[in-house]
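A.B. asks: Quick one, what's the 3D model for this:
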Amino acid sequence: MIKNYLKIAFRNLMKYKFISFINLFGLTIGLTCCLLILAYILHEVSYDRFQPYADRTYRISRSFHNDRGVVSLNLGAIAPPFGPLLKNEFPEIEKMTRLLPNGNTAFVYEDKKFYEKSVFFADENFTDVFKVDVIRGNPKKALENPFSIMISDELAKKYFGSNDPMEKMVKLDNNLSCKVSGVFKPFPSNTHLHPDVLISFNTLKDSVLYGQKNLETNWGNNSFLTYVVLPKNTDPKNLESKFPAFLDKYYHFPQEPSGFKGSKFTHLALGKLTDIHLRSHLDYEVEENGDIKRVYIFSVIALFILLIACINYMNLSTARSVLRAKEIGIRKTVGAEKKEIIAQFLSESVLVAWFATILAFTFTTLLLPWMNEISGQQIGLNILLKWQVLLPLFLAPFVVGIISGLYPALFMSSFQPVQVLKGLFKVSGNVSLRKALVVIQFAISIVLIICTVVVFKQLRYMQDKSLGFDKDQVITMNNPAFANQFESFRNELLQNPDIKNVTRSSRIPSGRLLDAMDVAVPVGDTVKPLQIDLKFLAVDYNFIPAYNMKIIAGRNYSNSYATDSSGFIINETASGTLGFKTPSEAVEKPLVYAGNKGKIIGVAKDFNFESLHEKIPSLLLLVNRNLYNAISIKLSGGNISASIASIEKTWKKFLPETPFAYTFLDDRFAKVYESEQKQKTIFTSFAFIAIFIACLGLFGLSAFTISQRVKEIGIRKVLGAEVNSIVALLSKDFLKLVLIAIIIASPIAWFVMNQWLQDFAYRISIPWWIFLFAGIVAVIIAFVTISFQAIKAAMANPVKNLRTE
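C.D. replies: Prediction:
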C-alpha cells in the first residue's frame, strides 16, 4: 500500500512539474535557512562545553558601587589577592586558576618581530581547569618555572618553521627573555578565550615586572581572570552568600576610615563558564561575546521562514486541486475512502519534504562558508552530524510534510465525486484560511524589511554622528618603553609636513573607559570624599589638539604653566556631576583625585570616547607618563602611504628591536560595530529569502483564484473589457491582503526594533517613512508577482475559455 502511494505520488510530481518544482524549491530554501541558522545556534550554545569541568567551573566577577548601591563598574576580572584567599577560605573550591591578559605583546625570535594579541600570564593550575591539547612538553610542569612560556602550534610554525621550538629563547616586549617549555594546539573557536602564548604566572613575582607583594596586596588592579571549580551538585549561590563576610575580613587598606566594610563598596559574583559567551556582557570581557538575544532572534527567523515555506506548499497544492478533481472523483467512485485519499496526498507532501531535506543538507554544506563569513564564526559541518541533530533531521520530512500537506489533503479529500464527474464542481474551499496564510507570509516579510532598514539606519547614524573629536586620518600604535627618547621621536616625526600631531594616552578612543579613582574636594585642612563615579584618562599636553577636541571653559595643558602637570581637565558631564552650574564655574577649582591635589584648568566639550552603546561618562584628564599605553599620530591625509613609511623609518631608528604595527582609528571604531554590521547582513539576506518565498505563496494563491475565474474573464473580454482593467480587477483582492499584512506587521516591527535600540545610549527615533517604504516595497513585489498570472489570464483567448458553455 505504501509502495503504491509513493509510486502514484512520484508520478503526480512528474506530471505537474512546474508546481512540483516550486513546492520543492520553496521547502528546500526554507529548510536550508533553518539548517544554516541551526548550525549557527548550535555553535553559539556549545561555547566552553567541551571543558573537563564545564558544568561546575565559574568565573569570579567584581562590581563596584557607591553607598546608595548604584553600580558604577562591573568587571569580568578581579584583583590578584582574591584567588588564593578564596581558595584557602572556602574548602568547597576544588580548583582555582588565574590568568592575566598582557595585551599586544612584542614577540621577537631572531629576525622575526611581530605583535601578538592573545598573550596571557597563566598559573600552573591552568591545564588542570581548562582543556589544553599539549603537543610538546609536560602540561603539568610547563608553566611552573618563571620565564617559561607555552605557545600555540600556529605560533610555533610562524616563528620557528619546521624547527623544534622547545627550549628556544624568545623576547617579549624587548625586556622579557623566556624559554619555550611547551606547544599546544590552538583552542577551538567555541571558547571565550583563545591564548596563543601562555607565560608562567610565577614570572610576575619578579619585582621588575609586578612583584610578589603586589600579587598579595594590590586590590586595585582588577585585571586577573580568576576561575574556580566547585564540587558536583554544589549551588554557587550558597558560596556567593559567603562573599560579603569574606570581603569584610580581607579587603582592607592601610588608611581606611573607621568602621570600613569592603562589602559596602564592592561585590563578588560567580558566573558559570558556559554562560560567559552568550549571557555575560560586563564592562570588561576578555573577548567580545555573543548575545542570547541574537540566538532567539535568529531562531524565530528560521521558524518564520520554514512556516512561510509550508504555507506555500498549502497554497500551491490547493491551487492545483482543480487539475486533480476528476482523479479524486474517480478514486471515490471506485471505492477509495477518505482516509486513503488523505494518505495519498500526505505521502506526496512527505516525499517532497524528503527531497527538500536532502537538497537542503547539500546546500547547507555549500553555504556554510558564506554563513561563517557573515557571522564571523568558524562553524563546521560536523556540528550537524551528531545523532542529537541527525535524528530530528530524519524526522523533519515527516513533520514538515504533514504540516504542509495536511490542509490540502483534507481539502481535496472532501470533493464530492458526483459533482466533479458531472462537471458541476467548483472549488470554494476555505478561502479565508488561504488568504490569512498569505497575510501571515507577507506580515513576516514586512517585519523583516522594517528590521533591516532600522538596523541600517542605526548603523549609518553611528557612522555619521559627530563624536566630538576628529577620528579620521589617525593611526594608533602601542607605546613601547621609549625611556627619555619620546620627545625626540615626536619631534623627528613632526618634521614631515604630512604628520600634523603626535600624542600619548592611557587608552585609545573606541576602547572602554574603565579606570576610576577616589575623588575628594579640599575643605580647610581636610578633604571631603565625593561619592561619584569619575573615570580618568591619562594624556599628554598634545592629546586635545591632536584629536581636535574643544575646550569650552578654561584652557588646555601648556608648557607655559609649570603647575599644569598636576592640573586636571574635565568634560561637561563631569562638570555637572561635581556640582558646578556652568563649565566656567569649574575652572580653577581645587580637586583631589587618587590622593593627588590639583586644580581644574579646563573643561572639554563632551566627546564619545567609547562606542555609542555607552553614555558619555564623567571623565577627568590628567598627566601621568607612567600610564601611557598608546600613541596616536594625526596625518594630513595628503600621502598616507608615504607618511606611514616615514613613521616606520623613524620607529626603527629609535626602536630597532620593537616590531612596527599600527591601526587606523576609524577601523577600530568599525570593529566596535562589527556585530551590528553582521546583524544587518543576516537580516538583509533572510529578509530577501522570506520575501522570495512569500512571493511563491502569492503566486500559488493567484494561480488558484484566477483559474476559477477564467470564464468570468472570458465573458468580460467579450463584453469589451481591456486587459489593464482585468489585471486591476484580479490584483485588487490580493493587494488588499498585502495592505492588511502591512497594518499587522508595522506595530510588531516597531516594538521589536524599539527594544533592540535600547542597547544603544545614542540611537535613532524610528521614522514613519520606514513603515511606508516597507509597505511600498511589499506592494510592488506583490503586484509584480500577481501580474504574471493576471496578464496571462487577461490576454487568453476568450473563445477557448467559453467553448464549454
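A.B. asks: how about low-confidence regions in the stretch 351-500 of the chain?
C.D. replies: Residues of the stretch 351-500 of the chain that meet the criterion pLDDT under 70 lie in 404-433, 483.
A.B. asks: show me where it has helices.
C.D. replies: Here the stretch 351-500 of the chain has its helices, by DSSP state H, counting those that start in this stretch, at 387-413, 417-421, 431-464, 486-493.
A.B. asks: One more: the stretch 501-650 of the chain?
C.D. replies: 543-546, 572-577, 583-586, 640-654.
A.B. asks: For residue 111, which of these is the nearest?
C.D. replies: With CB to CB as the measure, helix 640-654 is the member of the helices of the stretch 501-650 of the chain nearest residue 111 (12.8 Å). Any C-beta I mention is one placed from the backbone N, CA and C, and that applies to glycine too.
A.B. asks: Flag every buried residue along that closest one.
C.D. replies: Within helix 640-654, the residues scored as buried using 16 or more other CB atoms under 10 Å are 643, 644, 646, 647, 650, 651, 654.
A.B. asks: do stretch 535-548 as well
C.D. replies: 535-544, 546-548.
A.B. asks: and if you look at stretch 521-530?
C.D. replies: By 16+ other CB under 10 Å, the buried positions in stretch 521-530 come out as 527, 530.
A.B. asks: Please work out which residues outside it touch it.
C.D. replies: Residues outside stretch 521-530 that contact it (CB atoms under 8 Å, 6 or more residues apart in numbering): 518, 519, 520, 578, 589, 590, 591, 592, 597.
A.B. asks: can you give me how far it is from the chain middle?
C.D. replies: 45 Å (CA atoms, centre = their mean, to the nearest Å).
A.B. asks: So for the residue most central in space within the chain, what's the nearest residue that isn't a sequence neighbour?
C.D. replies: Centroid-nearest residue in the chain, with CA atoms, centre = their mean: residue 675, separated by 3.9 Å. Spatial nearest neighbour of residue 675, excluding adjacent residues (CB to CB, 6 or more residues apart in numbering): residue 288 at 7.1 Å.
A.B. asks: Residue 129 too?
C.D. replies: The shortest distance from residue 129 to any non-neighbouring residue, by CB to CB, 6+ apart, is to residue 97 (4.6 Å).
A.B. asks: Just the pLDDT for the one you found.
C.D. replies: If you check residue 97, the pLDDT there is 96.
A.B. asks: what sits opposite it in the beta ladder?
C.D. replies: Note on residue 97: beta-bridge partners by DSSP bridges are residue 227.
A.B. asks: residues contacting it?
C.D. replies: Contacts of residue 97 (CB under 8 Å, 6+ apart): 122, 123, 125, 126, 128, 129, 130, 226, 227.
A.B. asks: Distance check, the second one against residue 151.
C.D. replies: Here the distance between residue 123 and residue 151 works out to 17 Å (CB to CB, to the nearest Å).
A.B. asks: Same drill for those two, tell me which one is more crowded.
C.D. replies: Ranked by neighbour count (other CB atoms under 10 Å), residue 123 and residue 151 place residue 151 first, with 30 against 24.
A.B. asks: which residues sit in contact with the more buried one?
C.D. replies: 159, 165, 180, 182, 183, 184, 196, 197, 198.
A.B. asks: and of these, the nearest to residue 375?
C.D. replies: Distances from residue 375 to those, taken by CB to CB, are shortest for residue 196, at 22.7 Å.
A.B. asks: tally of neighbours for the closest one?
C.D. replies: The burial count for residue 196: 22, using other CB under 10 Å.
A.B. asks: Over to residue 702?
C.D. replies: A count of neighbours around residue 702, defined by other CB under 10 Å, yields 25.
A.B. asks: ok now do it, which residues does it touch?
C.D. replies: Neighbouring residues of residue 702 by CB under 8 Å, 6+ apart: 730, 734, 785, 786, 789, 790.
A.B. asks: And the residues you listed, which two are furthest apart?
C.D. replies: By the measure CB to CB, 730 and 785 form the most distant pair in the contacts of residue 702, at 12.1 Å.
A.B. asks: Check the gap between the residue lying closest to residue 676 once chain neighbours are set aside and residue 22 for me.
C.D. replies: Distance criterion CB to CB, 6+ apart; nearest residue to residue 676, sequence neighbours excluded, is residue 459 at 5.6 Å. According to CB to CB, residue 459 and residue 22 sit 35 Å apart.
A.B. asks: okay, the two: which has more neighbours?
C.D. replies: Shown here are residue 459 and residue 22; by other CB under 10 Å, residue 22 has more neighbours (20 against 16).
A.B. asks: And that one, which helix or strand is it part of?
C.D. replies: Per DSSP states H and E, residue 22 falls inside helix 17-45.
A.B. asks: got the buried residues for that helix?
C.D. replies: Buried positions in helix 17-45, judged by neighbour count with 16+ other CB under 10 Å: 19-20, 22-44.
A.B. asks: What average pLDDT does the next helix or strand after it get?
C.D. replies: As assigned by DSSP H and E, the chain's next helix or strand after helix 17-45 is strand 57-65. For strand 57-65, mean pLDDT rounds to 93.
A.B. asks: Over to stretch 220-236?
C.D. replies: Averaged over stretch 220-236, pLDDT sits at 93.
A.B. asks: Span of that stretch from start to end?
C.D. replies: 25 Å (CA to CA, to the nearest Å).
A.B. asks: Show which residues not belonging to that stretch make contact with it.
C.D. replies: Here stretch 220-236 makes contact (CB under 8 Å, 6+ apart) with 53, 56-60, 62, 75-80, 82-83, 86-87, 92-101, 120, 129-130, 193, 214, 239, 270, 272-273, 284, 286.
A.B. asks: Just name the most buried of the helices of the stretch 351-500 of the chain.
C.D. replies: helix 431-464 (a mean of 21; mean count of other CB atoms under 10 Å).
A.B. asks: Report the distance from that one to the chain centre.
C.D. replies: How far helix 431-464 lies from its chain's middle: 20 Å, per CA atoms, centre = their mean.
A.B. asks: Repeat that for stretch 75-93.
C.D. replies: Put simply, stretch 75-93 sits 31 Å off its chain's centre (CA atoms, centre = their mean).
A.B. asks: Tell me which residues of that stretch come out buried.
C.D. replies: 75, 76, 77, 78, 79, 80, 81, 82, 83, 86, 87, 93.
A.B. asks: One more: stretch 768-776?
C.D. replies: 770, 771, 774, 775.
A.B. asks: residues in contact with residue 787?
C.D. replies: Here residue 787 is in contact with 727, 731 (CB under 8 Å, 6+ apart).
A.B. asks: before we move on, back to that, now the helices of the stretch 501-650 of the chain in CSV, with distance to residue 627 and mean pLDDT?
C.D. replies: Shown next, in CSV, are these (distance: least, CB to CB, whole Å; pLDDT from 0 to 100):
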stretch, distance to residue 627, mean pLDDT
helix 543-546, 12, 95
helix 572-577, 18, 94
helix 583-586, 23, 94
helix 640-654, 21, 91
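A.B. asks: So for residue 203, which of the ones you listed sits nearest?
C.D. replies: Across the helices of the stretch 501-650 of the chain, the minimum distance to residue 203, taken as CB to CB, is reached by helix 640-654, at 27.0 Å.
A.B. asks: Need the contact partners of the closest one.
C.D. replies: 473, 475, 482, 485, 488-489, 492-493, 496, 498-499, 633, 635-636, 658, 660, 662.
A.B. asks: one more time with 7 Å
C.D. replies: Under the criterion CB atoms under 7 Å, 6 or more residues apart in numbering, residues 485, 489, 492, 493, 496, 498, 499, 633, 635, 660 lie in contact with helix 640-654.
A.B. asks: Of these, just the buried ones, ChimeraX syntax please.
C.D. replies: Remark: buried members of these, expressed as a ChimeraX selection using 16+ other CB under 10 Å:
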select :489,492,493,496,498,499,633,635,660
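A.B. asks: can the buried residues of helix 640-654 go into TSV with extra columns for distance to residue 455?
C.D. replies: What follows is these, written out as TSV (distance: CB to CB, whole Å):
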residue	distance to residue 455
643	35
644	34
646	40
647	37
650	43
651	40
654	45
